[in-house]
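A.B. asks: Below is the sequence, then the predicted model.
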There are 2 protein chains.
Amino acid sequence: MAQRHLDPTDPAAADVTGEALAGYLRARATEFLRALRLHRETGGGSAGGAEEPADAARALRRSARRISASLHTFRPLLDAGWSEEMRPELAWLSGTLGLEHAYEARLERLLLALHRLSGAVPVPAQAADVVTAGSRAAGTAPAAAKAALTGGAGPAHRTPATDHGNLTVGAAKAGALLERQLTLARTRAHSTALQAIGSSRFHAVADKVALLASEVPLAADAPTTDLRPLAAAAEERLTDAVTALPLITAGHPYNAEALVHGLSPDPAPHPQDGPWHQVRLLLRLHRYAREVLHGADGAANVRLLAAGQALNRHRDASEAAAAAAQAARTPRITPATAYALGVLHADQRHEVEASRFAFQRAWQRQTVTAP
Amino acid sequence: MAQRHLDPTDPAAADVTGEALAGYLRARATEFLRALRLHRETGGGSAGGAEEPADAARALRRSARRISASLHTFRPLLDAGWSEEMRPELAWLSGTLGLEHAYEARLERLLLALHRLSGAVPVPAQAADVVTAGSRAAGTAPAAAKAALTGGAGPAHRTPATDHGNLTVGAAKAGALLERQLTLARTRAHSTALQAIGSSRFHAVADKVALLASEVPLAADAPTTDLRPLAAAAEERLTDAVTALPLITAGHPYNAEALVHGLSPDPAPHPQDGPWHQVRLLLRLHRYAREVLHGADGAANVRLLAAGQALNRHRDASEAAAAAAQAARTPRITPATAYALGVLHADQRHEVEASRFAFQRAWQRQTVTAP
């Protein structure tokens, strides 16, 4: 594996030393600071529905993830103490900033699914792409979701699908319950994120990233050290983890694996999802390592993107299914509400299964046609 | 289409006149009478769990279906008045005799699904073949169901999976509820079937079949009339109906079509299943017409069988899903029970979708490789 990356005929061979890593880290740090400035200018009030703070928070997380990933993959080339201090802080930051968006997207996904399951036309929703990104695009995306995609929805497209009037009785109550629970979680996440951004802990991270934008603490021999063996090791970790996945089962449509334990009493009954989540993270590390070596354009790879999107959908559907199961444990709900949540849970677990199928397809294509 | 069947190089060409139809009908009538004798000798008490009366009832229905189908497909070759009187009686008979088995199989299917969804090992059940016949066979059939298939279950394999001890709380209650409801329905169907068999209406049909075993009321010119145009017309009706199915969608795995309207308030919310049920019947007519022309062995066609099995599974899953939805409307059930029934309903609707996929695959293979 490492041999391929050390190929001396590689045109990029001369560039990919620690210097390239330093350049990459400086660029990501600069992006981080720009996003932070934007976030402060727009007030950080994304719960109110404005777009900019959400975009700024996304850009912050985007840079933080890439810095953190590079610190991990290329650890031997960086000052060890600095690196070890930095990574958990970046993880805390992107975790804290990502939670609000995650709850919002989860609610949108669940409400769209409820509309689909009721045969009702949904209110245009931000999460239209959640539906249309997957295999469900072909002919099944509700009309209004399509309108949102083609720009017909206008400025309303960030409003959650709060109109339950189209839904049937159980589905409407399930939707209202999910909206209450996930909106509460989202509001809390928003406050937590605002508090985090005002905290001394955040200021300390921001200061460190500001330093990184000008000076990367490379290890002594790093500037001339070849990055490719470390990038190859990251790829190998990914390949090994994929090999351990049940891809043969996943490649058989309707294998019914994802819903096994669908009625387990355990609130987190899906340890089977774990290895897929792990591959999702390793795929991201591999993708960012490619960015360091080849630049963002050079690293762009349709198949890696497709595989990554399938795993994102897998994660989203897995968490949405868990949220539906969790909501069904709310005391004093009606049987009709519980029934709708059961259908919804199963629907999302089938989305999990569909995502694994999509990943398997993307991945097989990749390994068959790659040199 | 008719051209192919009139091919004069067909080696069977000389045989397939009304005489062949008469021979086929006499043979089916004889089978019917033999099954009826067996049914009377074994007492008809299949609710007690004995095998023979169930087998006898199955053989009765098998013959009745084939006689009825032939009367339909080759109507112009038979005495019109006799034929028109006979068919509804045969339909009544096989409908009445089939109901008990249908409820039993539906319960087994739902209980096996509940066990699978609970991650529990099921009690060996008759319906093991329901699970393993489909795409779920690969690695997902519960161990005990496999044991039943390999003969490990012994004489207990007709006992329903009544042990809900392995199931989680909601699933156990859902299982108990379904068992109560479907066992009641089955018991009623059993009484109805016994009454039917003792009725003068049944005796009249049996007398007519006894006459048919010796003398088939062919139309005047039937003995020398070619059967193949009528058989070809039956095939054409099938082909036309298949063409109208949404096969392109069905061929895309995880298209999520079958669960649209899964939360509709209508108790029979799946008009989308109708065309598939219709094709199932037309496929059966086509298959029986082939039997008349080529004999049972000559008519055997792996692809037609696979397509037919997929449509049987489609029908079974569709009805099981409806039974789960119906059970969820029982007054005073707990939310946990309703939730489990919701998961179960969605699971069976996904079986519906999986069956359509399987049919599409079987059918495409057929039309691609047929001459």
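C.D. replies: Yep, it's here.
A.B. asks: who's in contact with the spatially most central residue of chain A?
C.D. replies: Nearest to the geometric centre of chain A sits residue A:312, at 5.2 Å (Cα atoms, centre = their mean). Applying Cβ atoms under 8 Å, 6 or more residues apart in numbering or on different chains to residue A:312 gives the contacts residue A:280. Heads up, the C-betas are built off the backbone N, CA and C, glycines and all.
A.B. asks: And it, which helix or strand is it part of?
C.D. replies: Assigned by DSSP states H and E, residue A:312 belongs to helix A:302-327.
A.B. asks: Helices of chain A, residue ranges please.
C.D. replies: Per DSSP state H, chain A carries helices over the ranges A:2-5, A:18-41, A:51-73, A:80-118, A:128-132, A:137-140, A:143-149, A:169-198, A:200-214, A:228-243, A:247-250, A:274-299, A:302-327, A:335-369.
A.B. asks: how about these in JSON lines, adding mean pLDDT?
C.D. replies: Shown next, in JSON lines, are these (pLDDT from 0 to 100):
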{"stretch": "helix A:2-5", "mean pLDDT": "40"}
{"stretch": "helix A:18-41", "mean pLDDT": "94"}
{"stretch": "helix A:51-73", "mean pLDDT": "91"}
{"stretch": "helix A:80-118", "mean pLDDT": "95"}
{"stretch": "helix A:128-132", "mean pLDDT": "37"}
{"stretch": "helix A:137-140", "mean pLDDT": "36"}
{"stretch": "helix A:143-149", "mean pLDDT": "34"}
{"stretch": "helix A:169-198", "mean pLDDT": "96"}
{"stretch": "helix A:200-214", "mean pLDDT": "96"}
{"stretch": "helix A:228-243", "mean pLDDT": "97"}
{"stretch": "helix A:247-250", "mean pLDDT": "96"}
{"stretch": "helix A:274-299", "mean pLDDT": "93"}
{"stretch": "helix A:302-327", "mean pLDDT": "96"}
{"stretch": "helix A:335-369", "mean pLDDT": "91"}
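A.B. asks: which of the ones you listed is buried the deepest?
C.D. replies: Across those, the average number of neighbours (mean count of other Cβ atoms under 10 Å in any protein chain shown) peaks for helix A:335-369, which reaches a mean of 24.
A.B. asks: Does that one reach chain B?
C.D. replies: Yes. Applying Cβ under 8 Å from any Cβ of the partner chain, one finds helix A:335-369 touching chain B at A:335-347, A:350-351, A:353-354, A:357.
A.B. asks: Please apply the same query to stretch A:102-118.
C.D. replies: Yes. Applying Cβ under 8 Å from any Cβ, one finds stretch A:102-118 in contact with chain B at A:114, A:116, A:117, A:118.
A.B. asks: Distance to residue A:28 for those - can I get that in CSV?
C.D. replies: Converted to CSV, the residues of stretch A:102-118 next to chain B look like this (distance: Cβ to Cβ, whole Å):
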residue, distance to residue A:28
A:114, 39
A:116, 38
A:117, 41
A:118, 44
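A.B. asks: closest point of the stretch 201-350 of chain A to chain B, which residue?
C.D. replies: residue A:342 (2.4 Å; Cβ to the nearest Cβ).
A.B. asks: Tell me if I'm right that that residue and residue B:339 touch.
C.D. replies: Yes. With contacts counted by Cβ atoms under 8 Å, residue A:342 reaches residue B:339, the gap being 4.0 Å.
A.B. asks: residue contacts, the spatially closest residue to the residue of the stretch 201-350 of chain A closest to chain B that is not a sequence neighbour?
C.D. replies: Of all residues not flanking residue A:342 in the chain, residue B:342 sits nearest, at 2.4 Å (Cβ to Cβ, 6 or more residues apart in numbering or on different chains). Residues in contact with residue B:342 (Cβ under 8 Å, 6+ apart) are A:338, A:339, A:340, A:341, A:342, A:343, A:344, A:345, A:346, B:328.
A.B. asks: Repeat the analysis, applying 7 Å as the threshold.
C.D. replies: Residues in contact with residue B:342 (Cβ atoms under 7 Å, 6 or more residues apart in numbering or on different chains) are A:338, A:339, A:340, A:341, A:342, A:343, B:328.
A.B. asks: ok, now which ones touch the third one?
C.D. replies: When contacts are counted by Cβ under 7 Å, 6+ apart, residue A:340 touches A:170, A:171, A:174, B:263, B:342.
A.B. asks: The same query, at a cut-off of 6 Å, please.
C.D. replies: Applying Cβ atoms under 6 Å, 6 or more residues apart in numbering or on different chains, one finds that residue A:340 lies in contact with A:170, A:171, A:174, B:263.
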